[in-house]
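Participant: kindly generate the corresponding structure for this input.
(one chain, ligands or ions: 2)
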Amino acid sequence: MTIALGVLGCGTVGQGTVLLAHRRAEKIQHLTGFRPYVKRILVRDLEKTRSPEIDRSKLTNQAYDILDDPEIQVIVETIGGIEPARTYILEALRRGKHVVTANKDLIALYGTEILKVANDVGVEVLYEAAVGGAIPLVGPLQENLTANEVTDLKGIINGTTNFILTQMSETGAEFADALAEAQALGYAEADPSSDIDGLDAARKLTILASIAFHARVELADVQVEGIRHITARDVQYARELGCVVKLLASGTDRNGRLSLRVRPTLIPLAHPLAHVSNSYNALFVRGDAAGDLMFFGRGAGSMPTASAVVGDIISLLRNIRLGVAGSPENRLYLQKRVVPDEMLYQHYVRFSVSDKPGVFARIAQLFGDAGISMETVLQKRVEQGQAEIVVVTHSIPAHRMDELCDALAQVQQVQKVACVMPLEALSE
Ligand SMILES: NC(=O)C1=CN([C@@H]2O[C@H](COP(=O)(O)OP(=O)(O)OC[C@H]3O[C@@H](n4cnc5c(N)ncnc54)[C@H](OP(=O)(O)O)[C@@H]3O)[C@@H](O)[C@H]2O)C=CC1
Ligand SMILES: N[C@@H](CC=O)C(=O)O
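Facilitator: Ligands and ions are numbered 1, 2, ... in the order given. Model prediction:
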């Protein structure tokens, strides 16, 4: 039996999805009893060049050609962003169509609304591709690991920034060149500032934390810092310190107290996350029964993401075959409080000073007065009369580091406190 799909969007992910669903049609029929075929594809620009494997006669720029087609039972949304994707998904659900989406912006911000409408109507919304590209994360947290109390999530969940930082570290590439390459490879969002400023990772963390911690986590609960201010020099100093810089997302649940952060972090080379390069993503999950797990794979790109979208289509078709698609779900949401990160971290701080006698003694005194001891100090002359100092502290709470930076900024000879990052411990 055939089943008609309507695909909204035919860019990096949409195109990969159409091609993969076509290539696997026979296998999917074998697994589910349904042979999927893409009936229509929504795009903005009908004239744009696309893969020759895309049947152009299926393209439309009229969303309601698809939404109003009673034969189409499954909508695959790969437009991205909030509008018009949200409206199209809600309209599709209200017409009794199932939805598979790769849209983390929408699920992070409007997931509750969308899932409620789907539940009320009795259809499904699946979104494995929204987090971690090819890596199964939503499914394992929602299904296989539910016997656990998950206490920790930690990982690299944005391919674009990981690609940029890897290129800066390994090839000495400039930030702008590495970003342009990530865009050309289809990793970046339509507006890449959401990757660079950490928002994309924060949205993914919101989705993962809601599922893993059984809590209504909002995007605003995540403290976010991006990588815009990380320079080639930070990446180089990190190397000298035996570390790499990564945009790390972390979530902890300590007896109902949640802390959620996305921030650039120094990772020691001996740490497994240090070797997660380019567009690869990785996520550590700690469960009270399972112990530590690590998920690793390609977090962005056309076919890796299509793998997750088509995987969701297959799960959906199987559920349709079994007659359980869209059965009411009992989601467990517990009352939890979001609190600032209370962990102690070693910190990396880089600041520029006028290279005069006595400056370092003054700085050392400030650290001493603040009760913060230095583990490592690098001092580099950057130009005549100007030096850069990099200090790695012993472990302290983040707020003590903030206070120290304020004090440093008051010192006449300190021109700028340019970069502060925590350093990830090797093991807990
Ligand atoms: N790229 C990746 O690696 C990953 C992306 N995602 C998510 O997948 C989704 C899609 O991303 P991606 O494929 O990279 O995005 P692209 O920008 O490559 O593709 C977007 C597609 O949507 C179409 N489109 C955009 N706006 C409209 C509109 N108003 N009406 C009709 N069609 C529209 C575009 O049409 P046209 O072709 O005519 O311009 C294009 O085909 C996003 O939610 C993203 O976050 C998730 C995981 C990985
Ligand atoms: N822009 C995202 C795409 C996948 O979610 C990323 O770079 O990770």
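Participant: and the helix ranked longest in the chain, what other elements does it pack with?
Facilitator: If you go by DSSP state H, the chain has its longest helix at helix 302-322. Contact here means 3 or more CB pairs under 8 Å, 6 or more residues apart in numbering; DSSP states H and E; on that basis helix 302-322 packs against strand 2-8, helix 12-23, helix 25-32, strand 72-77, strand 98-101, strand 125-126. (Glycine included, C-beta is placed from N, CA and C.)
Participant: relative to ligand 2, which of the ones you listed is closest?
Facilitator: helix 12-23 (8.5 Å; CB to the nearest ligand atom).
Participant: hmm, the closest one in reach of ligand 1?
Facilitator: Yes. Helix 12-23 is in contact with ligand 1 by CB under 6 Å from any ligand atom, via T12, V13, G14.
Participant: the second one is in contact with A300, isn't it?
Facilitator: No. Checked against CB atoms under 8 Å, the pair V13 and A300 is beyond contact range at 9.3 Å.
Participant: about what we covered before: quick one: which of the residues of helix 12-23 next to ligand 1 is most hemmed in?
Facilitator: Neighbour counts for the residues of helix 12-23 next to ligand 1 peak at V13, which has 30 neighbours (criterion: other CB atoms under 10 Å).
Participant: wait, what's in contact with that residue?
Facilitator: Listed by CB atoms under 8 Å, 6 or more residues apart in numbering, the contact set of V13 reads T78, A102, A129, S302, T305, A306, V309.
Participant: ok, now P192?
Facilitator: T160, L179, A182, Q183.
Participant: quick check: which ranges of the chain have low pLDDT?
Facilitator: Along the chain, the parts satisfying pLDDT under 70 run over 427-428.
Participant: so the residue of the stretch 201-350 of the chain found nearest ligand 2, which of the three states?
Facilitator: Nearest residue of the stretch 201-350 of the chain to ligand 2, counting by CB to the nearest ligand atom: A300, 3.8 Å away. Secondary structure, DSSP: H, G, I helix; E, B strand; the rest coil: A300 is coil.
Participant: that one contacts S279, correct?
Facilitator: Yes. With contacts counted by CB under 8 Å, A300 reaches S279, the gap being 4.8 Å.
Participant: what's the overlap in contacts for the two?
Facilitator: Counting by CB under 8 Å, 6+ apart, the residues touching both A300 and S279 are G133, G159, T160, Y187.
Participant: touching, K380 and A387? I think so.
Facilitator: Yes. Between K380 and A387 there is a contact under CB under 8 Å: 6.3 Å.
Participant: spit out the residues that contact the two alike.
Facilitator: What both K380 and A387 touch, as defined by CB under 8 Å, 6+ apart, is an empty set.
Participant: chain center to stretch 370-388, what's the gap?
Facilitator: Centroid displacement of stretch 370-388 relative to its chain, using CA atoms, centre = their mean, to the nearest Å, is 33 Å.
Participant: now it: buried residues?
Facilitator: Buried residues in stretch 370-388, counted by 16 or more other CB atoms under 10 Å: A370, I372, K380, A387, E388.
Participant: for the nearest residue to A102 once chain neighbours are set aside, what are its contacts?
Facilitator: Of all residues not flanking A102 in the chain, A129 sits nearest, at 3.7 Å (CB to CB, 6 or more residues apart in numbering). Residues near A129 by CB under 8 Å, 6+ apart: V13, V100, T101, A102, T305, A306, A308, V309, D312.
Participant: OK, contacts around D312?
Facilitator: By CB under 8 Å, 6+ apart, the contact set of D312 is V100, L126, Y127, E128, A129.
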